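J.: This is the structure alone, sequence omitted:
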């Protein structure tokens with residue numbers, strides 16, 4: 001589903017839209033609820049990603065943190081290119097794509113944290129953006 005991000009969507013998220021979509025966001029009744037749910041799912045996935053990144057960063061040396069920061073920037077650029085587009089009407093985001101990409105990256109970061117905890121941090125793996 002290609003979804004255009006609108007100010008109304010941001011406002012709904014910021015102020016907590018009270019509707020059926022607020023619960024689980026597994027089903028919806030209309031396109032507006034689809035947008036709300038997709039945005040909520042993305043925010044949840046992004047929060048998980050940030051937590052995984054912070055957990056991994058605590059296990060890294062200064063040099064390894066620099067490598068991870070560069071790979072994260074490359075991943076974000078790739079995600080934005082794969083999941084977003086600009087045309088004459090504006091910028092569009094495929095939130096399903098963004099959620100999937102973010103969840104995949106979160107798992108990647110968790111795998112790296114597990115390796116580092118086991119004493120096997122690998123700078124080559126940390127440098128991967130996919």
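T.: On my side now, so go ahead. None of the values given here were measured: they were computed from a predicted structure.
J.: where in the protein is pLDDT low?
T.: Along the chain, the model assigns pLDDT under 70 to residues 1-24.
J.: All the strands of it, in order from the start?
T.: All strands of the chain, identified by DSSP state E, fall at 84-87, 90-93.
J.: hey, which of the ones you listed is tucked in deepest?
T.: Mean neighbour count, computed with mean count of other CB atoms under 10 Å, is highest for strand 90-93 among the strands of the chain, reaching a mean of 14. All C-beta spots, glycine's among them, are computed from the backbone N, C-alpha and C.
J.: helices and strands around it, which ones?
T.: On a contact count with 3 or more CB pairs under 8 Å, 6 or more residues apart in numbering; DSSP states H and E, strand 90-93 meets strand 84-87.
J.: The strand it packs on - contacts with which helices or strands?
T.: Looks like strand 84-87 contacts strand 90-93 (3+ CB pairs under 8 Å, 6+ apart).
J.: And for the residue lying closest to residue 98 once chain neighbours are set aside, the neighbour number?
T.: For residue 98, ignoring the flanking residues on the chain, the nearest one in space by CB to CB, 6 or more residues apart in numbering is residue 83 at 4.5 Å. Using other CB atoms under 10 Å, residue 83 is surrounded by 20 other residues.
J.: just checking, residue 83 touches residue 93?
T.: Yes: using CB atoms under 8 Å, residue 83 is in contact with residue 93, at 6.1 Å.
J.: May I see the strands of the chain organised as JSON lines, with distance to residue 43 added?
T.: Below are these laid out as JSON lines (distance: least, CB to CB, whole Å):
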{"stretch": "strand 84-87", "distance to residue 43": "16"}
{"stretch": "strand 90-93", "distance to residue 43": "13"}
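J.: Of these, which is nearest residue 26?
T.: strand 90-93 (20.4 Å; CB to CB).
J.: and the residue nearest the centre of the chain, how far is that from residue 122?
T.: For the chain, the residue nearest the mean C-alpha position is residue 102 (3.4 Å; CA atoms, centre = their mean). Counting by CB to CB, to the nearest Å, the gap from residue 102 to residue 122 is 22 Å.
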